[in-house]
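Sequence first, predicted model second:
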Amino acid sequence: MKVSLIQMNSVPDKARNCADADRMARLAVDRDGAELVVFPEHFDWHGGTVAQKVAAGEGVQGGPAYDMCRKLAVDCRIHVHTGSFYEATEDRKRVYNTSVVFNPDGEEIGRYRKIHLFDITTPDGMRYGESDAVAPGTDPVVVDVNGFKLGLAVCYDLRFPELFQRLMKKGADVMVLPAAFTLQTGKDHWEVLCRARAIETQSYFLAAAMIGPFDQGGEKRHTYGHSLVCDPWGHVIAKASDGIGPVSARLDKELIAKARADIPLQSHKVL
C-alpha cells in the first residue's frame, strides 16, 4: 500500500487549513499514487486560545474538516486519516482531539479520541495545558485498511508504549500517529521514540507532523515537523524536509511478517 503523510503549518483559520490540506493530499494522490493519506494533529485549526479551540469543535458528523476529508476520500477513491481535529463534547464545554478514518466510499470506519493529554511545562518554561480545552478519550482503536490493521494514536500518546502494545494485541501492524510535537522536545525525542515504537511492535509507524511557528494565545511557539515513516525493523524509510508538503512510502505486508518471524517477541512474552 502506498501512503502519504501531509506535513503542514496550520493556523487558526479552518477554511484556509482545509483548503491547504485538500490541495496537498490531491498532489500526493496524483504524483505519488497515495492509497492512504494521513494529515497531522490539529490540521484544521492550530493555536488560538482555549475559548477559540472549544468554539472550533465540530459535531460528531459533519463540519468543515470532517466533510473535506470525507469528500477527498470519495473523489480520489482512497482511505483518508484525518490526522486530528477538535470534536465538541456533549456539553460543549470542551472538545475531544479526534482522529477519523474514511474508506473510499466516504464511510467512517474508525474514530479515536486522544487518550494522553499534553499537560506539562517544558524545560524552557512554556506551559502546555491541553486539558484546559480537551477532554481525554478512553478506548484504543484499530481499523482495517487494504489488508493492513491501523492502530490509532495522537502526538503525546507516543510516550506511552503500553498503548501501542494494546494496539498490537488488537491486531495492529501499522501505527498511525498525527502530531504537533514541540521543537524543543522534538529535536531530541521525536525520531528515537517513533523508531522505538516501530521496533517494539514490529509494525510500520506513520508519523505525520506539524512544522514551524504558530500563535498560542498571543505567544509564538514552534513545532518540529520531520514527518516520517519507519518500517517494522525500525529503519526510517521516508522523512519530510523542513517545509510543508507530502512525503510518501510503500508498505509491504511481507516485511511485517519477516520482522515478526525473525524475532518472535509475542511468543517470548512472560508478562
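Okay, I see it.

Going by C-alpha atoms from here, please, whenever you check contacts or count neighbours.
Will do.

What's the local residue count around E219?
By other Cα atoms under 10 Å, 10 other residues sit near E219.

Please apply the same query to the one 4 residues further on.
A total of 21 residues lie near T223 under the criterion other Cα under 10 Å.

Need the residues that contact the strand or helix carrying it.
Assessed by DSSP states H and E, T223 sits inside strand 219-224. Outside strand 219-224, the residues that touch it by Cα atoms under 8 Å, 6 or more residues apart in numbering are 180-184, 186-187, 209-215.

Generate the PyMOL command that creates a selection of the buried members of these.
Command for PyMOL that selects the buried part of the contacts of strand 219-224, burial taken from 16 or more other Cα atoms under 10 Å:
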select buried, resi 180+181+182+183+186+209+210+211+212+213+214
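
contacts for stretch 77-85?
Outside stretch 77-85, the residues touching it (Cα under 8 Å, 6+ apart) are 34-45, 57, 65-66, 69-70, 72-73, 97-105, 145, 154, 177-179, 208.

out of these, which are inside helices?
65-66, 69-70, 72-73 (DSSP state H).

with those residues in mind, which one is nearest to D139?
Using Cα to Cα, Y66 comes nearest to D139 of these, at 20.5 Å.

Which stretches in the stretch 1-150 of the chain count as helices?
Using DSSP state H, counting those that start in this stretch, the helices of the stretch 1-150 of the chain run over 14-32, 50-55, 64-76.

most tightly surrounded among these?
Stretch with highest mean neighbour count among the helices of the stretch 1-150 of the chain: helix 64-76 (a mean of 20; mean count of other Cα atoms under 10 Å).

Listing request: residues of the stretch 151-271 of the chain with sub-threshold pLDDT.
Along the stretch 151-271 of the chain, the model assigns pLDDT under 70 to no residue.

in the stretch 1-150 of the chain, which spans are strands?
Assigned strands in the stretch 1-150 of the chain, in chain order: 2-7, 36-38, 79-81, 85-88, 95-102, 108-113, 119-121, 127-129, 134-135, 142-145, 148-152 (criterion: DSSP state E, counting those that start in this stretch).

What's the mean pLDDT across the fifth one?
What strand 95-102 shows for mean pLDDT is 98.

Nearest to C230, out of the strands of the stretch 1-150 of the chain?
Across these, closest to C230 is strand 2-7 (Cα to Cα), at 12.0 Å.

measure D119 to R16 for me?
Using Cα to Cα, to the nearest Å, D119 is found at 28 Å from R16.

should've said G129
G129 is 26 Å from R16, by Cα to Cα.

how about the residue most central in space within the chain, what does it touch?
The residue lying closest to the centre of the chain (Cα atoms, centre = their mean) is P178, at 1.6 Å. Applying Cα under 8 Å, 6+ apart, we find P178 in contact with 38-41, 83-84, 153-155, 206-209.

same check, this time on R113
R113 neighbours (Cα under 8 Å, 6+ apart): 96-99, 136-139.

at 6 Å instead, please
97-98, 137 (Cα atoms under 6 Å, 6 or more residues apart in numbering).

How about L5?
So L5 contacts 37-38, 208, 246-247 (Cα under 6 Å, 6+ apart).

one more time with 8 Å
Contacts of L5 (Cα under 8 Å, 6+ apart): 37-40, 206-208, 227-228, 246-248.

What is the most widely separated pair among the ones in helices among the contacts of stretch 77-85?
Among the ones in helices among the contacts of stretch 77-85, the pair separated by the greatest distance (Cα to Cα) is A65 and A73, which sit 12.5 Å apart.

Going along the chain, name the strands of the stretch 151-271 of the chain.
174-179, 204-209, 211-216, 219-224, 228-230, 236-239, 245-250.

for those strands, which one sits closest to A261?
strand 204-209 (15.2 Å).

Just checking: what are the partner strands of the closest one?
strand 174-179 (parallel), strand 228-230 (antiparallel) (DSSP bridges).

would you list the ones you listed in JSON lines and tack on distance to D30?
Below are these laid out as JSON lines (distance: least, Cα to Cα, whole Å):
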{"stretch": "strand 174-179", "distance to D30": "22"}
{"stretch": "strand 228-230", "distance to D30": "20"}
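
Compare the ones you listed and report which one is nearest to R260.
strand 174-179 (13.0 Å).

Output the closest one as PDB - backbone C-alpha positions only.
The C-alpha coordinates for strand 174-179 follow below in PDB (Å, rounded to 0.1, in the frame of the first residue of the first chain):
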ATOM      1  CA  VAL A 174       0.700  -0.200  11.200                       C
ATOM      2  CA  MET A 175       0.700   2.500  13.900                       C
ATOM      3  CA  VAL A 176      -0.500   6.000  12.800                       C
ATOM      4  CA  LEU A 177       0.400   9.000  14.800                       C
ATOM      5  CA  PRO A 178      -0.600  12.500  13.700                       C
ATOM      6  CA  ALA A 179       1.400  15.000  15.800                       C
END
